[in-house]
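Asks: Next come a sequence and a model predicted from it.
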Number of protein chains: 2
Amino acid sequence: MKVMKRSSAPRKDHYHHGDLRNALVENALRLVAERGPEGFSLREAARAVGVSPGAAYRHFADKAALLGALSADGHARMVATMEHALAHLPEEPGSAARAIASFLAIGAAYVEFAVAHPSHFRVMFGPCKPGEDDLACLAAQGRDTYQILVDVLDGLVATEVVLPEARIGAELPVWSHVHGLASLLVDGALTLSSSERHDALRHAGHVLLRGLGCSPGDLPAARPVTVDPRQR
Amino acid sequence: MKVMKRSSAPRKDHYHHGDLRNALVENALRLVAERGPEGFSLREAARAVGVSPGAAYRHFADKAALLGALSADGHARMVATMEHALAHLPEEPGSAARAIASFLAIGAAYVEFAVAHPSHFRVMFGPCKPGEDDLACLAAQGRDTYQILVDVLDGLVATEVVLPEARIGAELPVWSHVHGLASLLVDGALTLSSSERHDALRHAGHVLLRGLGCSPGDLPAARPVTVDPRQR
DNA sequence: ACCGTGATGTGAGCGACGCATACATTGCCA
DNA sequence: TGGCAATGTATGCGTCGCTCACATCACGGT
């Protein structure tokens, strides 16, 4: 009664998967990207890996924990995108110009990441009901991208693009703006073409820098974008 | 076999409810506020009204349609909040000061509404998969609040707080910022006390107005807010 | 006054879901 | 080599969204 193996094609060679946790995250990533975070089901992810639904609960306390892993992965990818953007800046003449370019680049990276991976973005920033101990983990997730923003703003002060007194509390308006634009685009309240996004980000960067005390002469040209909400 | 009525207390006097649609919306509103948009179920709403689950489908094509009704209701409440804020502005000396106060007031109304009704806000701006014909309806939802923003910005130009050339495309950065702050607060990525929100909004309004070319002398004092993301 | 027709609500049911439990299989280490 | 902890399976419970056949009611035309 042991020789009933050898049945159909996709025979399981190992009872144990070997790396089920990563396989689940990987497939969940794909499924969430396809069906969105709402339509995603833990059972389907397990099915995709060819494993019983219950097996997933050996690696994740519940569905929220799996999504939490996706969120962490997303934040990691986002900092990578932003750092890549910073590392591949076109050469700029002065250090002030470079600081401004960095400022614009990380903002663009933020919303382009959101537009390119909307479901992932929603999982990262969607409602989180962490189970007490994941709080530290969750807090750590946003820290890296936030630190990049802090550094870039410090760079604007160091190159004397903005004054030290204007620097205080500058993170919040900048982050809010970029996150708001990303959210509106991801949730479909607003639709912008790629070039419109580019213009909107440059214009907004212009406005924010001027608001932080940067003199207009230092700023790149920016074309404003006029929109209607939910236009079709 | 007709006299088996008169049983327990909540005896149904009418087979037909009379105004089931509104009753469903009303209870759904309450349930969404309690359990959040994710944990909300159409069945529970029907149960709350004391009606069979299938009855709801006589009035809403599916769960998304019910949430769509909630969304419309939310947008109506939001414009009411904003208009109320505009109508109850403290008296300001000059028309310019009043225009600036209006600008700050609608921003504050936007995020305070979001903070006060986070679930409702999520339903309003969450992912929408409208069924083709609801598109016009959906487009109309945001229009009123957007029009208020347009009028307030026009007011800033009329009172010469901002120059006409800076007015072009000013809606997007302003809306983005205010929506971003609201989203971060609602989704728990950021936690601010009531007074911190007040300061943050004033400071951000300051930055935006300066970015739009308003001279600093015209601006109210604004205390910046420094934060850490997901702090505990 | 009546009846039929359309609107509205009921009840049962289908498939899928999240999650819990008992059991089977395996790698690993003493 | 034997036993144990880790890992995966099978099964089941309660709920959900949604559908369908049927019951009940309101109302208007004759």
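Replies: Thanks, I have it.
Asks: Could you use CA atoms for every contact and neighbour count after this?
Replies: Will do.
Asks: Point to the helix or strand of chain A where mean pLDDT is at its lowest.
Replies: Scoring the helices and strands of chain A by mean pLDDT, DSSP states H and E places helix A:134-158 at the bottom, with a mean of 85.
Asks: Just the pLDDT at the residue nearest the centre of chain A, thanks.
Replies: Of all residues in chain A, the one closest to the mean position by Cα atoms, centre = their mean is A:Met78, 4.5 Å from it. A:Met78 carries a pLDDT value of 96.
Asks: my guess is it meets A:Tyr110, correct?
Replies: Yes. A:Met78 lies in contact with A:Tyr110 (Cα atoms under 8 Å); the separation is 7.2 Å.
Asks: between the two, what contacts are shared?
Replies: Taking Cα atoms under 8 Å, 6 or more residues apart in numbering or on different chains as the contact criterion, A:Met78 and A:Tyr110 have no common neighbours.
Asks: Low-confidence stretches in chain A?
Replies: In the prediction, chain A carries residues with pLDDT under 70 at positions A:1-13, A:15-16, A:128-139, A:229-232.
Asks: How is it divided into domains?
Replies: Here the domain assignment for chain A is A:17-60, A:71-218, based on automatic domain parsing.
Asks: Columns distance to chain B on top of these, output as CSV?
Replies: CSV is the format used below for the domains of chain A (distance: least, Cα to the nearest Cα, whole Å):
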stretch, distance to chain B
domain A:17-60, 8
domain A:71-218, 3
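Asks: deepest of these, which one?
Replies: Of all those, domain A:71-218 carries the top mean neighbour count, a mean of 19, counting by mean count of other Cα atoms under 10 Å in any protein chain shown.
Asks: Tell me if that domain is near DNA strand C.
Replies: No. Shown here: domain A:71-218 not in contact with DNA strand C (Cα under 7 Å from any atom of the strand), separated by at least 11.1 Å.
Asks: What's the end-to-end length of that domain?
Replies: One end of domain A:71-218 to the other measures 38 Å (Cα to Cα, to the nearest Å).
Asks: Run the chain-centre distance for it.
Replies: Taking the mean of its C-alpha atoms, domain A:71-218 sits 10 Å from the chain's own mean (Cα atoms, centre = their mean, to the nearest Å).
Asks: Equivalent analysis for stretch A:32-45, please.
Replies: 18 Å.
Asks: does any bit of it sit next to DNA strand C?
Replies: Yes. Against DNA strand C, stretch A:32-45 shows contacts by Cα under 7 Å from any atom of the strand at A:40-44.
Asks: Closest to B:Ala182 out of these?
Replies: Proximity of those to B:Ala182 (Cα to Cα) peaks at A:Phe40, which lies at 26.0 Å.
Asks: For the closest one, list the residues it contacts.
Replies: A:28, A:31-32.
Asks: Save those residues as TSV, and put in secondary structure too.
Replies: What follows is the contacts of A:Phe40, written out as TSV (DSSP: H, G, I helix; E, B strand; the rest coil):
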residue	secondary structure
A:Ala28	helix
A:Leu31	helix
A:Val32	helix
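Asks: Tell me the one of those nearest B:Cys214?
Replies: Within those, the smallest distance to B:Cys214 is 44.7 Å, found for A:Val32 (Cα to Cα).
Asks: Report the separation between that closest one and B:Ala55.
Replies: Distance check for A:Val32 against B:Ala55: by Cα to Cα, it reads 32 Å.
Asks: Check A:Gly142 too.
Replies: Distance from A:Gly142 to B:Ala55, by Cα to Cα: 45 Å.
Asks: now A:Ser215
Replies: Distance, A:Ser215 to B:Ala55, by Cα to Cα: 63 Å.
Asks: which stretches of chain A form helices?
Replies: Shown for chain A, the helices assigned by DSSP state H span residues A:20-35, A:42-49, A:63-87, A:95-116, A:118-125, A:134-158, A:164-167, A:171-186, A:194-211.
Asks: so how far is DNA strand C from A:Asp62?
Replies: According to Cα to the nearest atom of the strand, to the nearest Å, A:Asp62 stands 4 Å off from DNA strand C.
Asks: ditto for A:Gly213
Replies: For A:Gly213, the distance to DNA strand C equals 49 Å [Cα to the nearest atom of the strand].
Asks: With A:Ser193 instead?
Replies: Distance check for A:Ser193 against DNA strand C: by Cα to the nearest atom of the strand, it reads 33 Å.
Asks: list the helices and strands the least confident helix or strand of chain A packs on?
Replies: For helix A:134-158, the elements it packs on are helix A:63-87, helix A:95-116, helix A:164-167, helix A:171-186, judged by 3 or more Cα pairs under 8 Å, 6 or more residues apart in numbering or on different chains; DSSP states H and E.
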